[in-house]
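S.K.: here's a sequence, model it:
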Amino acid sequence: MKLYAISDLHLSHEANHQALNKLPAHPEDWLILAGDMGEKEDHLLFALALLTRRFKQLVWVPGNHDLWTIPSNGLRGQAKYDRLVKICRSFGVLTPEDPYAVWSDNGQAYRIAPLFTLYDYSFRPPDIPLEKAVAWAAEANTVASDEYILHPDPYPTRADWCAARCTYSEQRLEEVGSDLPLILVNHYPLREDLLRLRRIPRFSLWCGTQRTENWHTRFPVAAAVYGHLHVRGSHIRDGVHFEEVSLGYPRDWDSESGDIEKYLRQILPLKS
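M.R.: Modelled structure (predicted):
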């Protein structure tokens, strides 16, 4: 049995949609979906209906695109997130609101901890004050669509929502204990030094929070899975594996082949 991961399927793109439909079954394996299935409920519904038939268990966390409010769906903020969680649970898919599941194989067990932490604009240079952060990014023609269509209701700002989510996640991770190593799953990278944004460096504002910077050492973490950057990679920090597992837009992968199985990242068993 294996634990695989992928994120940023962006099913509004036909090439991605068709490729996912051709993904072979892995009936004994688990699959992490680390956010950004698409902008519409239909994208999530399609992914879950397909993948729950092809994998033994799915684990889901939301990405920013999943939380966007677009004209076809008026739900905003927490209400939108709650709706997505409800959809996942209807398929038996694990979410950040569910008890952490245990994955085990050949006597080795891990606890899978899906997270939803958002961002708070703290991934910025120290000389840029928070109130000028978005303007600083705009100087380089970089402003995330989240500023217009990812609403934080009922929180005053996305940074406030991020703070609440981080507090919630910290409490859960503290309560779970240290009897088993953890696999953290989040859409956003947990550390700023994992960013790979050479073309749009100021997009860092919308990529995470410094509050999670030491979670990999504060808690008994074996690996952390994330996406969002559309820059796949494996990194090690303090002995912990960090796996960016995004597929991305058709330009970000070999979409002409239509084969996304090779983009499934094996998380467990851990590779040395």
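
S.K.: can I assume Thr142 is in contact with Arg199?
M.R.: No: with contacts counted by CB atoms under 8 Å, Thr142 stays clear of Arg199, the gap being 9.6 Å. Every residue, glycine included, has its C-beta placed from N, CA and C.

S.K.: the two: who's more crowded?
M.R.: Thr142 (18 against 8; other CB atoms under 10 Å).

S.K.: so the more buried one is in which element?
M.R.: Remark: Thr142 resides in no helix or strand, with elements defined by DSSP states H and E.

S.K.: what ranges do the helices span in the stretch 151-272 of the chain?
M.R.: With DSSP state H, counting those that start in this stretch as the criterion, the stretch 151-272 of the chain has helices at 158-176, 215-218.

S.K.: mean pLDDT and distance to Lys271 added to those, as a markdown table?
M.R.: Output for the helices of the stretch 151-272 of the chain, formatted as a markdown table (pLDDT from 0 to 100; distance: least, CB to CB, whole Å):
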| stretch | mean pLDDT | distance to Lys271 |
| --- | --- | --- |
| helix 158-176 | 97 | 24 |
| helix 215-218 | 98 | 17 |
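
S.K.: how about JSON lines for the ones you listed, with mean neighbour count added?
M.R.: Formatted as JSON lines, those follow (neighbours: other CB atoms under 10 Å):
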{"stretch": "helix 158-176", "mean neighbour count": "17"}
{"stretch": "helix 215-218", "mean neighbour count": "17"}
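
S.K.: ok, which of those comes nearest Gly77?
M.R.: helix 158-176 (7.1 Å; CB to CB).

S.K.: which secondary structure elements does the closest one contact?
M.R.: On a contact count with 3 or more CB pairs under 8 Å, 6 or more residues apart in numbering; DSSP states H and E, helix 158-176 meets strand 108-114.

S.K.: the strand it packs on packs against which elements?
M.R.: strand 26-33, strand 55-60, strand 101-105, helix 158-176, strand 182-185.

S.K.: for Ala224, give me its contacts.
M.R.: Residues in contact with Ala224, defined by CB atoms under 8 Å, 6 or more residues apart in numbering, are 183-186, 190, 215-216, 240-243.

S.K.: how much space separates it from Asp179?
M.R.: 19 Å (CB to CB, to the nearest Å).

S.K.: likewise for Glu39?
M.R.: Taking CB to CB, one finds Glu39 at 39 Å from Asp179.

S.K.: swap in Pro126?
M.R.: Pro126 is 38 Å from Asp179, by CB to CB.

S.K.: so between the two, which is more surrounded?
M.R.: Set side by side, Pro126 and Asp179 show more neighbours around Asp179, with 9 against 5, by other CB under 10 Å.

S.K.: torsion angles phi and psi at the residue lying closest to Lys22 once chain neighbours are set aside?
M.R.: Once flanking residues are discounted, Lys22 sits nearest to Gly258: 6.3 Å by CB to CB, 6 or more residues apart in numbering. For Gly258, the backbone dihedrals (degrees, to the nearest 10) come out as phi 70, psi 20.
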